[in-house]
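Novice: the following block contains a protein sequence and its predicted model.
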Amino acid sequence: MITSKISVLIHHGQQAIPDLDAVTLPEIFRGRPVIRGGIRADDARKLEKLCPTGAIGTEPLCIDLGKCVFCGECQLACPDFIRFTNDHKLASASREALIIKEGVDKPVEFCEELVRPEIPKLFKNALKLRQVSAGGGR
Ligand code: SF4
């Protein structure tokens with residue numbers, strides 16, 4: 001951890017956020033969702049139909065972070081079963097790791113071994129990328 005902070009100082013001269021480990025995001029921020037187990041199949045199908053981007057799958061209930069635009073409609077409809085944490089670490093090199101499954105409450109795994117070898121060579125540690133489509137594909 002300390003080595004990454006030293007690396008930031010070497011590359012950028014200063015650190016805009018003084019302590020990255022101490023950052024807390026506001027409650028209003030919607031990050032990684034958690035799905036409680038035990039939802040009835042018909043309620044899961046209602047959630048599937050409600051989702052504007054097709055991010056919700058059933059059997060078992062899951063949310064695909066690659067499709068989710070974090071509108072919060074599913075949490076509003078089923079607050080006992082779906083809640084959004086403010087865990088902002090949502091990137092992964094694995095498509096499968098972006099599928100949040102019912103009953104699983106653990107961070108999204110980045111899967112560093114799946115990053116193409118030319119990426120670190122091209123960008124070194126200067127750039128972090130996340131592809132975001134906020135529902136702009138209409
Ligand atoms: S937050 Fe919105 S887009 Fe994401 S799974 Fe729920 S309903 Fe779908």
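Specialist: Now that the structure is in, tell me what you want to look at. Residues are numbered from 1 along each chain as shown.

Novice: let's see the pLDDT reported for Leu127.
Specialist: Listed pLDDT for Leu127 reads 64.

Novice: swap that for Arg32, sorry
Specialist: pLDDT at Arg32 comes out at 96.

Novice: quick one: it from the ligand, how far?
Specialist: Distance of Arg32 to the ligand, computed by C-beta to the nearest ligand atom, to the nearest Å: 11 Å. Where C-beta positions appear, they are placed from N, C-alpha and C, glycine not excepted.

Novice: which SS class is the nearest residue to that residue once chain neighbours are set aside?
Specialist: Closest residue to Arg32 apart from its sequence neighbours, by C-beta to C-beta, 6 or more residues apart in numbering: Asp87 at 4.1 Å. Under DSSP: H, G, I helix; E, B strand; the rest coil, Asp87 falls in the coil class.

Novice: so how far is Thr24 from Asp87?
Specialist: Computed with C-beta to C-beta, to the nearest Å, the distance linking Asp87 and Thr24 is 11 Å.

Novice: out of those two, which sits in the more crowded spot?
Specialist: Asp87 (17 against 7; other C-beta atoms under 10 Å).

Novice: does the residue most central in space within the chain sit in a helix, a strand or a coil?
Specialist: Nearest to the mean C-alpha position of the chain, by C-alpha atoms, centre = their mean, lies Leu90 at 2.6 Å. At Leu90 the chain is in coil, as set by three-state DSSP.
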